[in-house]
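Enquirer: model the following, please.
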Amino acid sequence: MSLTNNFKSWIEAGERTPLGTWLMAAAPSTAEALGYVGFDFLVVDMEHVPIEVSDLAQILRAVGCTPAEPVVRLAWNDQVLVKRVLDAGARTVMLPFVQTAEEAKAAASYTRYPPLGVRGVAAVHRGSKFGTIPDYLKRANDQICTIVQLETPEAIERLPDIAAVEGIDGVFVGPGDLSAAMGHIGNIAHPEVQALIEKAAKDARSAGKPIGIVGPNPEMVQRFIGYGYSFAAIASDLAMMTGRANEWLGVLNGGAAKPALPAAAY
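Expert: Numbering: from 1, shown residues only. The predicted structure follows:
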């Protein structure tokens, strides 16, 4: 495990669009396998998946064997949770449901050591290679990547202010919750939802801040990239597994595959 955060370097450089997927299976073997197939990043979901910090460390070890970079989505914008996952070895964290610049400032402070933030100091933990990384306490702030999720129309409207917060390295649109907040739950393809998703990309570009998103299939992800998204995830390990299983069963049963379940809740 290196201190260097490749994911942060990629989104800051903006030379290409890193592609990832969501990890919903909470299994190190699945995470490791997907890390080898070519994804740039893998999102470890601690919000909607029963993953505890002890589980997280095992998943990060598995991903660390591969070329992929882990992104850890926490259950909430919480100082204690942030401290624990950073000490467990996370370098990029995503904080859900950030609504204001004030909440973004709190998120940034939780991920940085003083004087830039309030992250608690420990001498020996997995994040510092158990104390073997020289000057970890002085170098860590530069390698931590803090991403906040915008999941309502109100948050999208405040994107310029949120993106301007020092210490926020990127923003991420959650299309599932956004569509629900707009009265179109489960339908991220609705024109009103798509218009706001496109607006977010334009506003982030004007603010000079990387912006990410997740889509259920290649076609939707390509549309998002066309809007100007800086990085994007496609579906999840479980969605890809169940989707392929459904497709093959449809062939073997002599009929069409069942309609895919909505993949908009990431």
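
Enquirer: using PDB, write out every CA atom in stretch 98-106.
Expert: What follows is stretch 98-106, C-alpha atoms only, in PDB (Å, rounded to 0.1, in the frame of the first residue of the first chain):
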ATOM      1  CA  VAL A  98     -24.000  16.900   1.600                       C
ATOM      2  CA  GLN A  99     -26.400  19.800   1.200                       C
ATOM      3  CA  THR A 100     -24.500  23.000   2.000                       C
ATOM      4  CA  ALA A 101     -21.000  24.500   1.900                       C
ATOM      5  CA  GLU A 102     -21.000  24.400   5.700                       C
ATOM      6  CA  GLU A 103     -21.400  20.600   5.600                       C
ATOM      7  CA  ALA A 104     -18.700  20.400   3.000                       C
ATOM      8  CA  LYS A 105     -16.400  22.400   5.200                       C
ATOM      9  CA  ALA A 106     -17.000  19.900   8.000                       C
END
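
Enquirer: contact partners of it?
Expert: With contact meaning CB atoms under 8 Å, 6 or more residues apart in numbering, stretch 98-106 is reached by 77, 79, 107, 148-150, 152, 154-155, 158, 161-162, 164-165, 167-168. Every C-beta, even on glycine, is put in place using the N, C-alpha and C of the backbone.

Enquirer: can you tell me which of these is nearest residue 241?
Expert: Within the contacts of stretch 98-106, proximity to residue 241 (CB to CB) peaks at residue 149, which comes in at 24.6 Å.

Enquirer: surely the closest one meets residue 77?
Expert: No: in this structure residue 149 lies outside contact range of residue 77 using CB atoms under 8 Å: 9.1 Å.

Enquirer: which neighbours do the two share?
Expert: Each of 95, 96, 97, 98 lies in contact with both residue 149 and residue 77 under the rule CB under 8 Å, 6+ apart.

Enquirer: quick one: contacts for the second one?
Expert: Think residue 96. For residue 96, the contacting residues are 47, 73, 74, 75, 76, 77, 149, 151, 174, by CB under 8 Å, 6+ apart.

Enquirer: ok, now how distant is the fourth one from residue 218?
Expert: For residue 75, the distance to residue 218 under the criterion CB to CB, to the nearest Å works out to 29 Å.

Enquirer: between these two, which one's more packed in?
Expert: residue 75 (14 against 11; other CB atoms under 10 Å).

Enquirer: the residue lying closest to that one once chain neighbours are set aside: which element?
Expert: In space, residue 75 comes closest to residue 47 once its chain neighbours are excluded; the distance is 4.7 Å by CB to CB, 6 or more residues apart in numbering. Using DSSP states H and E, residue 47 falls within no helix or strand.

Enquirer: one more: the one 3 residues further on?
Expert: Assigned by DSSP H and E, residue 50 belongs to neither a helix nor a strand.

Enquirer: where does the closest residue to it other than its chain neighbours land in three-state SS?
Expert: The shortest distance from residue 50 to any non-neighbouring residue, by CB to CB, 6+ apart, is to residue 26 (6.5 Å). Under DSSP: H, G, I helix; E, B strand; the rest coil, residue 26 falls in the coil class.

Enquirer: for the stretch 151-266 of the chain, what spans make up the strands?
Expert: Counting by DSSP state E, counting those that start in this stretch, the segments of the stretch 151-266 of the chain that form strands are 170-173, 211-215, 231-236.
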